[in-house]
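In: sequence? don't have it. structure:
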Ligand code: SF4
Ligand code: SF4
C-alpha cells in the first residue's frame, strides 16, 4: 500500500489547491563518492562549493546563450503555471515551471546582474546558501525535463534546459544524483544500464529466438555482434527482458526477418539510453554516444537504427552526429540515425509487410506520445511525423484505436511522470502523483471507448506505467510496446 495519498482522478483535470512546500523533501538519494568519481565529478560536497557553483553557472551562461535568455526573458505571465504534471499532481507551487526556473533566476540576479548586486531585495535576488542548494537539489529533481511548459510559454522558455544546467552545477560541486550517475557508470564498465554482460545478453537473445519459434513456428533471429551486418540496432537494455519492452524487441526482430534484413545488436553498444542528457552533462553524453560509433565501426555496419526509447531518440536525433560524427562510413542513402518506427513505416508504405489485424482484436488501443519524441525530435520526412508514424503502425496492426483528449497528446502530451532520470523508487511518491494527468486522460478513453491498452515507444514510459497504473486502479500490463502490436499482427514468412 502507498505510504502517501494517491490523487483521485476527477472527471476533468483540475488545478489543485496550492500546498506550499508539500514536496519539500530531501530529494532523491545522493550519488556515492565512487559514482561521482567515475563520471569526473567531485566525490562529495566541496569545501568552497559556493564559488565552484557560481563559477560553473557563469561558464554555462556564457556557453549556452539560451540559458542567459531564459534567465532574463520571463515576464511572469503565468501561462506555464498549471502546465506541469508535477504541479498538477502535487499542488506544490515550487513545481510551477516559472517557480522552478526562479530557484536559479534569483541566484542569477544576485550574482550576475547589477540590480541584484546592489538592490537584491528589490529584484527578488537571493544569496546562494546551503538551503537554496537543498531546494535546487530537491526541486530540480522534480522536473522530468519534458518541455511541456515550454510549449505554452510565449517566450519559449525551456525549463528543461534550466533543470539540466542546475543538475550540472549540482554535480560539479559534488551533489550528483545516485540513480542517474550509477547507471551511467554501469554503461562505462559493462555496456548497458542494467549491467548485463555479453554472455548473459547472448543467452537472453537465444531464449527470445526460442520463444518466437515456439509461438509462431518461424525461426526469427536476434543476432549479436555479427560483423558485416547491414544494420546496427541500438536499443534500450530494458528491451532485453523487462515487460512490455521485450515484446517490442521481438516485434523489431520480426520486422527485420520479414524484410530479409541483415542486422545485429552489439554487446559494446547494448544501451540506447543516454542518462548524460538527464544530468545536463554533454561530456558524459558524448562518452556514452561514442560507444555507438565504436560499435558501428567495429562491426562494419551501413546503418544505425534506434529501438523504442524516448530520450535516446532525442539524443540520437539532435546530437548523434555532433557528438560522435561524422558518420561518413555509413550508407548515405539512409537517415543517420533512423528510428525503428521509421523503418517499419517505410516498409509498410512500400507494401512489404502484411498484417492480420484480427490478431489484436482483443485489444482496444490508445497511444501515449512520449515527451522526448513529441517535443524534442521528429520522425520521417514530414512535419509531425513523430505523431503520425507510430499511430500509422498501430492502425496497420489493430482494428480498434482511439486517441486520448486532444490537449493531452501530440506536442501537448503529458509526461508519464518518470522521465528525466526520476525513474527510481526513492521518488515513487513524485512519480505516482506526476502520472495523474495521463491517468485522467486514460480513464476518459477507457470509459468512453472501452480502451484496454495504452501503447508507447519509450522504455521509461513503459517501466513507469507498469509501476504506477495499479495505483490508479488499472492493471500493470495495460501498457504495451508499439512493436508488440506490430509483431503480433505481422504475417511471417517461414525461413528458407
Ligand atoms: S519541463 Fe516538464 S517537468 Fe519540467 S517544469 Fe516543465 S512541465 Fe514540469
Ligand atoms: S510562461 Fe514563460 S514568460 Fe510566462 S511565467 Fe512561464 S516561463 Fe515566464
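Out: Good, I have the coordinates. Note that the structure is a prediction, hence the values are computed from the model and not measured. Ligands and ions are numbered 1, 2, ... in the order given.

In: wait, what's in contact with residue 310?
Out: The neighbourhood of residue 310, defined by C-beta atoms under 8 Å, 6 or more residues apart in numbering, consists of 370, 371, 372, 373, 419, 457, 458, 459, 460, 461. For the C-beta atoms, the positions are set from N, CA and C on the backbone; glycine is no exception.

In: Next, count neighbours for the nearest residue to the fifth one once chain neighbours are set aside.
Out: This points to residue 419. Taking C-beta to C-beta, 6 or more residues apart in numbering, and ignoring the residues beside it in sequence, residue 419 has residue 144 as its nearest neighbour in space, at 3.8 Å. Applying other C-beta atoms under 10 Å, we find 30 residues neighbouring residue 144.

In: just checking, residue 144 touches residue 370?
Out: No: taking contacts as C-beta atoms under 8 Å, residue 144 lies outside contact range of residue 370: 10.9 Å.

In: what sits in contact with each of those two?
Out: Overlap between the neighbourhoods of residue 144 and residue 370 consists of residue 419, taking contacts as C-beta under 8 Å, 6+ apart.

In: before we move on, the earlier item: please convert the contacts of residue 310 to JSON lines, extending it with neighbour count.
Out: JSON lines is the format used below for the contacts of residue 310 (neighbours: other C-beta atoms under 10 Å):
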{"residue": "370", "neighbour count": "30"}
{"residue": "371", "neighbour count": "28"}
{"residue": "372", "neighbour count": "30"}
{"residue": "373", "neighbour count": "29"}
{"residue": "419", "neighbour count": "26"}
{"residue": "457", "neighbour count": "28"}
{"residue": "458", "neighbour count": "30"}
{"residue": "459", "neighbour count": "28"}
{"residue": "460", "neighbour count": "29"}
{"residue": "461", "neighbour count": "29"}
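
In: Please flag which of those residues sit within strands.
Out: Nothing among the contacts of residue 310 maps onto strands, per DSSP state E.

In: closest to ligand 2 among those?
Out: When the contacts of residue 310 are compared for distance to ligand 2, the smallest value, 17.5 Å, is given by residue 371; criterion: C-beta to the nearest ligand atom.

In: and the chain, which residues reach ligand 1?
Out: Counting by C-beta under 6 Å from any ligand atom, the chain comes close to ligand 1 at 83-84, 86, 97, 100, 143-149, 159-160, 163, 415.

In: what about 5 Å?
Out: Contacts of the chain with ligand 1, taken as C-beta under 5 Å from any ligand atom, map to 84, 97, 143, 144, 146, 148, 149, 159, 160.

In: how many neighbours does the first one have?
Out: Same thing as residue 84. For residue 84, the number of neighbouring residues by other C-beta under 10 Å comes to 27.

In: Now do it against ligand 2, distance only.
Out: Residue 84 sits 10 Å away from ligand 2 when distances are taken as C-beta to the nearest ligand atom, to the nearest Å.

In: Pretty sure that residue sits against residue 149.
Out: Yes: under the criterion of C-beta under 8 Å, residue 84 lies in contact with residue 149, with a separation of 5.6 Å.

In: between the two, what contacts are shared?
Out: Common neighbours of residue 84 and residue 149 (criterion: C-beta under 8 Å, 6+ apart): 97, 159.

In: Give me the subset of the residues of the chain next to ligand 1 lying in strands.
Out: Going by DSSP E, the strands hold none of the residues of the chain next to ligand 1.

In: Let's see the ChimeraX selection covering just the buried ones among the residues you listed.
Out: Only the buried members of the residues of the chain next to ligand 1 end up in this ChimeraX selection, burial being decided by 16 or more other C-beta atoms under 10 Å:
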select :84,97,143,144,146,148,149,159,160
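
In: if you look at the residues of the chain next to ligand 1, which of them are in helices?
Out: Secondary structure of these is defined by DSSP state H; positions in helices are 97, 148, 149, 159, 160.

In: if we can go back for a sec, which one of the residues of the chain next to ligand 1 is nearest residue 135?
Out: Taking C-beta to C-beta as the measure, residue 143 is the one of the residues of the chain next to ligand 1 closest to residue 135, at 12.7 Å.

In: doesn't residue 86 make contact with that closest one?
Out: Yes: in this structure, residue 143 sits in contact with residue 86. The criterion is C-beta under 8 Å, and the distance is 7.1 Å.

In: and for the two, which residues touch both?
Out: The overlap between the contact sets of residue 143 and residue 86 (C-beta under 8 Å, 6+ apart) consists of residue 95.

In: give me the residue from the stretch 201-350 of the chain nearest ligand 1.
Out: Here the residue of the stretch 201-350 of the chain nearest ligand 1 is residue 278; by C-beta to the nearest ligand atom that distance is 11.8 Å.

In: swap in the stretch 351-496 of the chain?
Out: Closest point on the stretch 351-496 of the chain to ligand 1, by C-beta to the nearest ligand atom, is residue 415, at 5.9 Å.

In: residues touching that residue, list them.
Out: When contacts are counted by C-beta under 8 Å, 6+ apart, residue 415 touches 85, 144, 146, 148, 371, 434, 438.
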